[in-house]
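Undergrad: mind looking at a prediction? Sequence and model below.
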Amino acid sequence: MAGADIILTRLLDLQDTNFEVVDCKVSDQEVVWQIQHREGAVYICKSCGLEHTTCHDTKTVTLRGVPFGKKACKWVIKFARILCTCKLRVRNEKLVFRASHHKLTQRFVDHVEQVLCSKMFTVADVARLFELDYSTVYKIDHEVLRRLVQELKIPDPINIAVDEKSFQKGHSYVTVVTDCDIQKVIWVSEGNRKESLDQFFQILGPERCAKVKTVSKDLHKPYAISCSEYIPQALQVADPFHVVKKLNKAMDDCRKELSVGSALAVGKRRLISSLQWVMRYKQENLPEKHLESLTKLAEINEPLFHAYLHKESFYEFFHFRPSEVKPAEKFLIDWIVDAWKSQLRPLQEFGEYIERNTQVLLNIILTGRSSAISEGINRKIQVLKSMAYGYRNINYFMLKIMQRCGVLGSMWKPANL
Ligand SMILES: [Zn+2]
């Protein structure tokens with residue numbers, strides 16, 4: 001072999017294989033490597049691994065390799081077919097550098113996996129970047145995530161948050177468990193039933209379950225039952241994120257009740273319906289341009305304006321410190337009483353909800369839990385869902401949550417190591 005070929009063979013990491021580079025053609029668009037057997041090579045059966053010294057015939061396959069800058073890279077490989085005893089027919093020789101499911105080199109697949117796991121690029125980005133089929137990159141992404149999840153070791157959680165997320169417009173759900181201390185998703189399972197969460201606790205095992213101190217969740221009943229069964233010692237905390245969401249929903253219903261079907265003039269009704277988002281702002285976050293609409297609201301619909309102020313006052317609750325549980329409780333009671341006085345049904349219903357769940361709400365104060373983690377994770381999952389191509393496959397959706405919001409992506413290493 002000429003000196004240059006040795007270098008080229010090394011460049012493709014073929015030095016420990018039965019193959020070597022015999023030629024290389026470079027054009028503006030691509031680099032084409034011609035690869036053949038070395039002298040005296042043995043052929044290994046792809047199916048059974050048996051070594052053969054003679055071959056039946058040879059064939060050629062073209063694989064895509066890691067590109068050189070902007071040049072695509074093709075490996076044209078002359079390989080052997082052998083008559084092996086493992087099955088009485090012609091078998092292909094094993095090519096160690098070929099990826100198992102694609103016409104790509106394993107090095108290329110490793111590279112694509114690494115880029116996908118960096119979480120900086122979507123499947124579509126990576127397909128464009130490497131000029132690969134979307135479906136090929138999708139398959140690589142799915143495969144690598146399936147591999148990584150096999151190796152996943154769930155950390156020992158102390159404080160967890162449990163939440164359900166809809167999939168395919170609410171036709172099905174997944175259960176998402178977050179470790180609040182490392183602020184990462186550590187588990188996702190199918191469905192939003194008790195069994196979905198049971199699965200997590202069963203994998204965790206009784207010893208680690210006993211170490212869980214707090215669990216924050218929306219007040220979805222099946223989860224509460226599962227928690228009482230597996231982690232009875234853990235303090236159940238309402239998730240502030242869900243409380244605020246419920247409050248906003250109540251506010252929205254008030255808006256509908258007081259505008260739609262009311263005796264107000266059309267222009268005023270229109271203003272009220274345009275306030276849907278304005279009323280969700282916390283007052284301190286309210287952009288200047290919306291202030292005017294609120295002032296107008298005070299003029300045309302006083303009850304709704306009061307409802308808005310009443311909603312606003314609820315946020316004060318989250319400012320109590322762990323040492324102020326008693327005053328916080330009094331605050332809740334006062335708030336409920338005022339909600340009753342407002343005579344607005346949605347606010348009253350929210351008041352009843354607080355009354356039913358006072359203790360888990362007070363546990364928010366006791367544990368100093370904020371909604372920041374749930375909000376962050378929720379936002380990321382929302383982004384995931386809005387990324388095109390939907391997630392027709394629920395398993396892939398679950399793996400993507402584990403990758404984008406959890407520990408899965410950072411675990412990447414090549415498959416064969
Ligand atoms: Zn064989």
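TA: Thanks, I have the structure now. Numbering: from 1, shown residues only.
Undergrad: ok, which stretches of the stretch 51-200 of the chain are helices?
TA: Secondary structure of the stretch 51-200 of the chain (DSSP state H, counting those that start in this stretch): helices at 106-117, 123-130, 134-150, 194-209.
Undergrad: contact partners for whatever residue of the stretch 151-300 of the chain ends up closest to the ion?
TA: Distances between the stretch 151-300 of the chain and the ion by Cβ to the ion are smallest at Glu151, namely 29.9 Å. (C-beta placed from N, C-alpha, C; glycine too.) For Glu151, the contact set (Cβ atoms under 8 Å, 6 or more residues apart in numbering) comprises Met411.
Undergrad: helix, strand or coil: sort out Trp33 for me.
TA: Classification of Trp33 using DSSP: H, G, I helix; E, B strand; the rest coil returns strand.
Undergrad: so it touches Glu20, yeah?
TA: No. Using Cβ atoms under 8 Å, Trp33 makes no contact with Glu20, being 10.3 Å away.
Undergrad: let me see the backbone angles for Glu288.
TA: Glu288 adopts backbone torsions of phi -50, psi -40, taken as degrees, to the nearest 10.
Undergrad: OK, contacts around it?
TA: Applying Cβ under 8 Å, 6+ apart to Glu288 gives no contacts.
Undergrad: circling back: now the residue of the stretch 151-300 of the chain closest to the ion: how far from Ile394?
TA: Distance of Glu151 to Ile394, given as Cβ to Cβ, to the nearest Å: 21 Å.
Undergrad: over to Lys245?
TA: 24 Å.
Undergrad: before we move on, what about Arg369?
TA: Distance, Arg369 to Ile394, by Cβ to Cβ: 29 Å.
Undergrad: between the two, who's got more neighbours?
TA: Legend: neighbour count by other Cβ atoms under 10 Å for Arg369 and Ile394, higher for Arg369 (23 against 17).
Undergrad: per-residue confidence at Val115?
TA: Val115 is assigned a pLDDT of 92 by the prediction.
Undergrad: ok, how many other residues are close to it?
TA: There are 17 residues near Val115, going by other Cβ under 10 Å.
Undergrad: quick one: contacts for it?
TA: Here Val115 is in contact with 121, 126, 129 (Cβ under 8 Å, 6+ apart).
Undergrad: give me the phi and psi angles of Lys46.
TA: The phi and psi values for Lys46, taken as degrees, to the nearest 10, are phi -70, psi -30.
Undergrad: now for it: which residues touch it?
TA: Neighbouring residues of Lys46 by Cβ under 8 Å, 6+ apart: 91-95.
Undergrad: and the gap between the closest residue to it other than its chain neighbours and the ion?
TA: Excluding the flanking residues, the one nearest Lys46 by Cβ to Cβ, 6 or more residues apart in numbering is Lys94, at 4.4 Å. Distance, Lys94 to the ion, by Cβ to the ion, to the nearest Å: 9 Å.
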